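Asker: Quick check, what structure comes out for this input:
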Amino acid sequence: MTDEVIAAGARTLWFQLGLWHEAAARHAEANGLTVVMNRCVKIEHARFAGGLHLAGFNTGVVSSRRRSAL
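Answerer: Have a look, this model is predicted:
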């Protein structure tokens, strides 16, 4: 997989949340790629955009139901 990413000319190898592969990361870094492991694109985008609460994170609510209007 890493060789295919390198051959495609990618600059970054991204492993989604919960995924780690040290050997693949070392191989990718040795070939000039930036490696990101154990990260979720949605969470990271929301973190940079300042909207974690819009993505459903860090709201203080432990429920999938919306709060009722008062």
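Asker: Which of the residues in the lowest-mean-pLDDT helix or strand in the chain are classified as buried?
Answerer: One helix or strand of the chain scores below all others by mean pLDDT, DSSP states H and E: helix 41-49, with a mean of 74. Neighbour counts over helix 41-49 (16 or more other Cβ atoms under 10 Å) mark Ala46 as buried. Yep, even glycine has a C-beta here, placed from its N, CA and C like the rest.
Asker: Then stretch 3-23?
Answerer: Quick answer for stretch 3-23 (16+ other Cβ under 10 Å): 5-6, 13-15.
Asker: For this protein, just list every one of the helices.
Answerer: Using DSSP state H, the helices found in the chain span residues 2-7, 22-30, 41-49.
Asker: Mean confidence (pLDDT) on the second one, please.
Answerer: Mean pLDDT, computed over helix 22-30, is 96.
Asker: Residues touching it, excluding its own?
Answerer: The contact list for helix 22-30, computed with Cβ atoms under 8 Å, 6 or more residues apart in numbering, reads 1-3, 5-6, 13, 15, 35, 37.
Asker: Now with 6 Å, please.
Answerer: Under the contact criterion Cβ atoms under 6 Å, 6 or more residues apart in numbering, helix 22-30 has outside partners 2, 13, 35.
Asker: Retrieve the pLDDT associated with the last one.
Answerer: The per-residue pLDDT reported for Val35 equals 96.
Asker: and Trp14, bridged to which residues?
Answerer: Val36 (DSSP bridges).
Asker: Quick check: it touching Val36?
Answerer: Yes. Between Trp14 and Val36 there is a contact at 4.8 Å, judged by Cβ atoms under 6 Å.
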